[in-house]
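K.L.:
Provided below for reference: sequence and predicted model.
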Amino acid sequence: MENEIPVIAIVIYLAIVVFIIASIWKVFEKAGQPGWAAIIPIYNIYIMTKIGGKPGWWVLMFFIPFVNFVFLIWLYNMISKSFGKDEGFTAGLVILGFIFWPILGFGSAKYLGPYGDPAAFAAYQGKDKFDFENNQ
């Protein structure tokens, strides 16, 4: 009976991990990105930058200790806004991701475009002549 408890804990843990991966997969698909990108390390961060409307070079910031936490929270905030959510939802993604990623992925949230406002994003692109998709 003693050996069954760790096995049960591992099975529950793996089930939660698979559920979170499926949730992020669904978020990617809602944003018009390939869902399979959720399981590819580093590339999944690049896709998240696209969903949040940030440039691809942000991926490099995730390799810098301590700076990566700031950029992760900022990126989660941009993803929240892209789905019409507020800063409270961002806090949920950061603190209770295992609850809030499924809400975003399987809930009624719809992708509104980077920053959650396509018109504002278009104005932002025109201002600095930067297109995160074409790197111009």
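P.N.:
Perfect, I can see it now.

K.L.:
Does the residue positioned nearest the centre of the chain belong to a helix, a strand or coil?
P.N.:
Centroid check for the chain by Cα atoms, centre = their mean gives M48 as the closest residue, at 4.8 Å. Classification of M48 using DSSP: H, G, I helix; E, B strand; the rest coil returns helix.

K.L.:
so what's it up against?
P.N.:
M48 sits next to L75, I79 when contact means Cβ atoms under 8 Å, 6 or more residues apart in numbering. Placement of C-beta: from N, CA and C, glycine included.

K.L.:
separation between it and I8?
P.N.:
Look at M48 and I8: by Cβ to Cβ, to the nearest Å, they are 33 Å apart.

K.L.:
repeat for S108
P.N.:
S108 is 34 Å from I8, by Cβ to Cβ.

K.L.:
These two: which is more packed in?
P.N.:
A side-by-side neighbour count of S108 and I8, using other Cβ atoms under 10 Å, places I8 first with 10 against 5.

K.L.:
ok, and for the host helix or strand of that one, which residues are buried?
P.N.:
I8 belongs to helix 4-30 when assigned by DSSP states H and E. By neighbour count on 16 or more other Cβ atoms under 10 Å, the buried set for helix 4-30 is I20, A22, S23, I24, W25, K26, V27, F28, E29, K30.

K.L.:
Show me what that helix is packed against.
P.N.:
helix 43-52, helix 97-106 (3 or more Cβ pairs under 8 Å, 6 or more residues apart in numbering; DSSP states H and E).
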